[in-house]
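**Q** The following block contains a protein sequence and its predicted model.
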Amino acid sequence: MDLLLAEASQQPFSYSEQGATRGELPAGYRHDHWSADLCPDEAQRFDNATTALRSWVCQRSAGIVVQPDVPPKDGQTFVLLIRLRPVGWVTATARVVYTVEEPQRAGFAYGTLTGHPEQGEEAFIITRADGRVRFDITAFSRPRVTLARGASPITRALQLSATPRYLAGMRDATD
């Protein structure tokens with residue numbers, strides 16, 4: 001894993017629109033947005049949701065392993081290990097594009113590197129408003145490598161199957 005991380009740290013982003021999940025999503029990609037009302041904004045629930053998000057609960061709840069398993073910070077490179085039955089594990093490299101640490105919002109976005117089969121960015125944001133804690137995922141992506149393009153319906157199905165598990169993981173973390 002150390003060698004893979006060292007190689008990943010040298011990889012550039014595989015797309016040019018870093019930070020675009022903060023605003024208008026770029027043309028030429030699939031655009032996705034999912035939201036979940038997590039819980040009432042009571043006691044420490046916003047803080048608990050933020051802590052869960054920063055400990056990669058979303059990814060773990062979808063069966064994805066993140067290495068290194070440390071809270072995301074700006075510029076951090078990491079590897080996603082994704083189990084694809086029955087073929088085994090697929091690795092995908094990414095880097096944290098930005099983090100959000102505000103009184104009413106917290107989260108991060110990461111973008112794909114050249115060692116990732118897709119290209120694009122995904123943002124995971126916790127918001128407190130109107131007495132509720134909310135979780136939003138905003139993403140843009142498209143297949144990057146030939147295999148991913150050829151298997152686009154399968155890779156898309158994998159993306160879409162992970163999202164409900166992301167949302168469920170965050171709901172469970174705030175119960």
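**A** Everything's here; your move. This one's a predicted model, so the numbers in the text were calculated from it and none came from an experiment. Numbers count the residues shown, from 1 in each chain.
**Q** Which elements pack onto the lengthiest strand in the chain?
**A** Longest strand in the chain, counting residues (DSSP state E): strand 88-101. On a contact count with 3 or more Cβ pairs under 8 Å, 6 or more residues apart in numbering; DSSP states H and E, strand 88-101 meets helix 2-9, strand 77-84, strand 105-112, strand 118-129. Glycine gets a C-beta too; all of them are placed from N, C-alpha and C.
**Q** CA atoms of it as CSV?
**A** Extracted C-alpha coordinates of strand 88-101, given in CSV (Å, rounded to 0.1, in the frame of the first residue of the first chain):
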residue,chain,number,x,y,z
GLY,A,88,-11.5,-9.0,-6.7
TRP,A,89,-10.3,-5.5,-5.8
VAL,A,90,-10.0,-2.4,-8.0
THR,A,91,-7.9,0.5,-6.9
ALA,A,92,-8.7,4.1,-7.6
THR,A,93,-6.6,7.1,-6.7
ALA,A,94,-7.9,10.5,-5.6
ARG,A,95,-7.0,13.7,-3.9
VAL,A,96,-8.9,16.0,-1.6
VAL,A,97,-9.7,19.2,-3.6
TYR,A,98,-11.1,21.2,-0.8
THR,A,99,-12.5,21.0,2.7
VAL,A,100,-15.3,23.0,4.3
GLU,A,101,-15.2,23.9,8.0
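**Q** Now that we have the helices and strands packed on strand 88-101, can you turn them into CSV and tack on distance to Phe46?
**A** Below are the helices and strands packed on strand 88-101 laid out as CSV (distance: least, Cβ to Cβ, whole Å):
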stretch, distance to Phe46
helix 2-9, 32
strand 77-84, 25
strand 105-112, 8
strand 118-129, 5
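**Q** related to what we said a few turns ago, what residues of the longest strand of the chain count as buried?
**A** Buried residues in strand 88-101, counted by 16 or more other Cβ atoms under 10 Å: Val90, Thr91, Ala92, Thr93, Ala94, Arg95, Val96, Val97, Tyr98, Thr99, Val100.
**Q** Quick check: closest non-adjacent residue to the residue nearest to the spatial centre of the chain.
**A** Centre of the chain computed as the mean C-alpha position; nearest residue by Cα atoms, centre = their mean is Glu122, 4.9 Å away. Among residues not flanking Glu122 along the chain, Ala139 sits closest, at 4.1 Å (Cβ to Cβ, 6 or more residues apart in numbering).
**Q** pretty sure that neighbour contacts Tyr15?
**A** No. Between Ala139 and Tyr15 there is no contact under Cβ atoms under 8 Å: 11.9 Å.
**Q** Check what pLDDT Thr146 gets.
**A** pLDDT, Thr146: 60.
**Q** Which positions in stretch 137-147 come out as buried?
**A** Buried residues in stretch 137-147 (16+ other Cβ under 10 Å): Ile137, Thr138, Ala139, Phe140, Ser141, Arg142, Pro143, Arg144, Val145.
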